[in-house]
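Peer 1: This is a predicted model, with the sequence first.
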Amino acid sequence: MSIAWDESLAVGDPTIDGDHRRMIELIAQLEAAAVAEIDCAAIGRTLRALTDLCREHFTREEALQARVGFPEAQSHRTAHEMLMRRLESVLAHYGDGCDEVRAGIVRTLGDSLATWLVSHIVNSDMEFKPYVAGG
Ligand SMILES: [Fe+2]
């Protein structure tokens, strides 16, 4: 799945929207590095950058939700934790090796991350948009 940022994904907070935009870019880079001429160094680098960004972003987003009194903050946090566990386990298993099988795993991961992120923004992050606007 190829994804791109568009304004319909904006939740109205410039930092959070900037993070989401960057996450979408990194997922696209990850997918690009795992097809045709497999770029192992780029896969490792991008996977690490994406994992770091997600960790920082989720902390920022959870702080914003606490600040604006978003009532679904706890279940939202659980969804973030599940994604982080998945990313960290792929990163741990990926190690330094690189071959067609591992690139295939990264392709599948990139695809499911793209689907997860867009649906998370559209269905869950959008729920706190009114709180951001009202706060
Ligand atoms: Fe979120």
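Peer 2: Good, I have the coordinates.

Peer 1: Contacts only, for Glu31.
Peer 2: With contact taken as Cβ atoms under 8 Å, 6 or more residues apart in numbering, Glu31 is in contact with 2, 107, 110-111, 114. Placement of C-beta: from N, CA and C, glycine included.

Peer 1: What strand or helix carries it?
Peer 2: helix 14-33 (DSSP states H and E).

Peer 1: buried ones in that helix?
Peer 2: For helix 14-33, a neighbour-count test (16 or more other Cβ atoms under 10 Å) marks 16-17, 19-20, 23-31, 33 as buried.

Peer 1: Tabulate the contacts of Glu31 in CSV, adding columns for secondary structure and pLDDT.
Peer 2: Listed next are the contacts of Glu31 as CSV, based on DSSP: H, G, I helix; E, B strand; the rest coil; pLDDT from 0 to 100:
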residue, secondary structure, pLDDT
Ser2, coil, 71
Arg107, helix, 81
Gly110, helix, 82
Asp111, helix, 83
Ala114, helix, 84
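
Peer 1: For the longest helix belonging to the chain, buried residues please.
Peer 2: Secondary structure of the chain read by DSSP state H shows that its longest helix is helix 40-68. Judged by neighbour count (16+ other Cβ under 10 Å), helix 40-68 contains these buried residues: 40, 43-44, 46-47, 49-51, 54, 57-58, 61-62, 64-65, 68.

Peer 1: right, and out of these, which lies closest to Ser75?
Peer 2: Gln65 (10.9 Å; Cβ to Cβ).

Peer 1: what residues are up against that closest one?
Peer 2: Contacts of Gln65 by Cβ under 8 Å, 6+ apart are 73, 76, 128, 131.

Peer 1: Could you report the neighbour count for the third one?
Peer 2: Think Phe128. Neighbourhood size, Phe128 [other Cβ atoms under 10 Å]: 24.
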